[in-house]
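**Student:** would you be able to build a 3D model of this:
(one chain, ligands or ions: 1)
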Amino acid sequence: MQRPEPEPQSFDRVLSSMCTEPHSDARAAAERFLAANPGDPATYETVAALEERAVERLATLAEHPIPSDAAGYVTSGGTEANVQAVRSARNRHDGGRDDRGVNVVAPESAHFSFTKAAELLDVELRTVPVDDDYRADTDAVAAAVDDATALVVGVAGTTEYGRVDPIPELAAIAAEAGARFHVDAAWGGFVLPFTDHDWSFADAAVDTLTIDPHKFGQAPVPAGGLLAREDAALDALAVNTPYLESRSQATLTGTRSGAGVAGAVAAMDALWPDGYREAADRAADHADWLAAELADRGYDVVDPELPLVAAAVPESEFAALRDAGWKISRTGTGELRVVCMPHVTRSTLRAFLDDLDRIRG
Ligand SMILES: *Cc1c(COP(=O)(O)O)cnc(C)c1O
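**Tutor:** Sure, this is the predicted structure:
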């Protein structure tokens, strides 16, 4: 019997995702490198060289003072990058790799990947409150750190509200406590260079940073990014690798997809900086427009700082929009959350509001 070829669903009505349609060059490059394994760089030298380019490109985006000196690699996503940042900081803390008594201090707005990291690595995750505008409360962070703090985390583009924590202030608190400092810009990293937020290696004493090409970078999944100011952060992750020609490996996964590496490089080659700037400007316009339209209809809207709109829409309307085929999601407190990714156009948003108006009657 002939079975129909399964087709991926279209992005037409996807307003909840932090992923998007990959750039055509990135799609083609990913396919070419599907079978190459950057986890074995002495065998797959071409993709290993491409990965160095990816790290240098990402470090340029993240304003590393000398991008060619940055360390890092293309991860399976922001989760792996965050887990590895915690692991590196734990391994570099006083007690070294055997130290199990350390803690990580992060705002409650931090991504749930830090919960996974804490569980896996047996470190204590201390989450502290955010302020009235959903940013890390620096007094609360300062009160939570102690001698056993291995890492302080700041988020540059929170998953729920698109907020940027006070990165320089958090870096200073980490330095004072003798802890490392990590910035999670998994989603925001490809938008923030075109804003005046402080978030990067140039703006503060950032040790490690997560920045995902497979979100706003328009690279195919899986392509996350872990960057470090210095090699030492990656050295702290390296384990010996008998029976591979390369002697050690700092990644969490072993065999990895060359598609992620090649797709990320191709996307950045095609879009950095002008293409990303245009995408970021367009997304910001759409978010501002949608926020204003929702406010006009009487909803409480959280002012979009990055291209993500949250608004208090009643449960019944939310459910009716889902029934109409809209892929939308909710914040932890139940607000509608719309992420203006590059595939989200003005006409998509108009159609969405038309449906909302119809539902409201
Ligand atoms: C998406 C996201 C993550 C997790 O990344 P994955 O690629 O889904 O593993 C981590 N932190 C932030 C801020 C994110 O937006």
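**Student:** which bits of the stretch 51-200 of the chain sit near the ligand?
**Tutor:** G77, G78, T79, N82, H111, S113, V155, G157, T159, D184, A186, W187 (C-beta under 6 Å from any ligand atom). Bear in mind the C-beta positions are built from the backbone N, C-alpha and C, glycine included.
**Student:** which residues of the stretch 101-250 of the chain fall in helices?
**Tutor:** In the stretch 101-250 of the chain, the helices defined using DSSP state H, counting those that start in this stretch lie at 113-121, 138-144, 167-177, 231-235.
**Student:** ranges for the helices of the stretch 251-361 of the chain?
**Tutor:** 258-271, 274-296, 315-323, 346-360.
**Student:** could you dump the third one to PDB, C-alpha only?
**Tutor:** The C-alpha trace of helix 315-323 is given here as PDB (Å, rounded to 0.1, in the frame of the first residue of the first chain):
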ATOM      1  CA  GLU A 315      -9.000  31.500  29.000                       C
ATOM      2  CA  SER A 316     -12.100  31.100  26.900                       C
ATOM      3  CA  GLU A 317     -10.600  33.300  24.100                       C
ATOM      4  CA  PHE A 318      -7.300  31.600  24.300                       C
ATOM      5  CA  ALA A 319      -9.000  28.200  23.900                       C
ATOM      6  CA  ALA A 320     -11.000  29.500  21.000                       C
ATOM      7  CA  LEU A 321      -7.900  30.800  19.200                       C
ATOM      8  CA  ARG A 322      -6.200  27.400  19.700                       C
ATOM      9  CA  ASP A 323      -9.300  25.700  18.300                       C
END
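**Student:** check which residues of it are buried.
**Tutor:** Neighbour counts over helix 315-323 (16 or more other C-beta atoms under 10 Å) mark F318, A320, L321 as buried.
**Student:** just stretch 324-337 next, same as before
**Tutor:** Under 16+ other C-beta under 10 Å, the buried positions of stretch 324-337 are W326, I328, T331, E335, L336, R337.
**Student:** any chance of the buried residues of helix 315-323 in JSON lines, with distance to R27 too?
**Tutor:** Shown next, in JSON lines, are the buried residues of helix 315-323 (distance: C-beta to C-beta, whole Å):
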{"residue": "F318", "distance to R27": "33"}
{"residue": "A320", "distance to R27": "35"}
{"residue": "L321", "distance to R27": "30"}
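**Student:** out of those residues, who's near the ligand?
**Tutor:** Counting by C-beta under 6 Å from any ligand atom, no member of the buried residues of helix 315-323 is near the ligand.
**Student:** return the most buried member of the helices of the stretch 251-361 of the chain.
**Tutor:** helix 258-271 (a mean of 27; mean count of other C-beta atoms under 10 Å).
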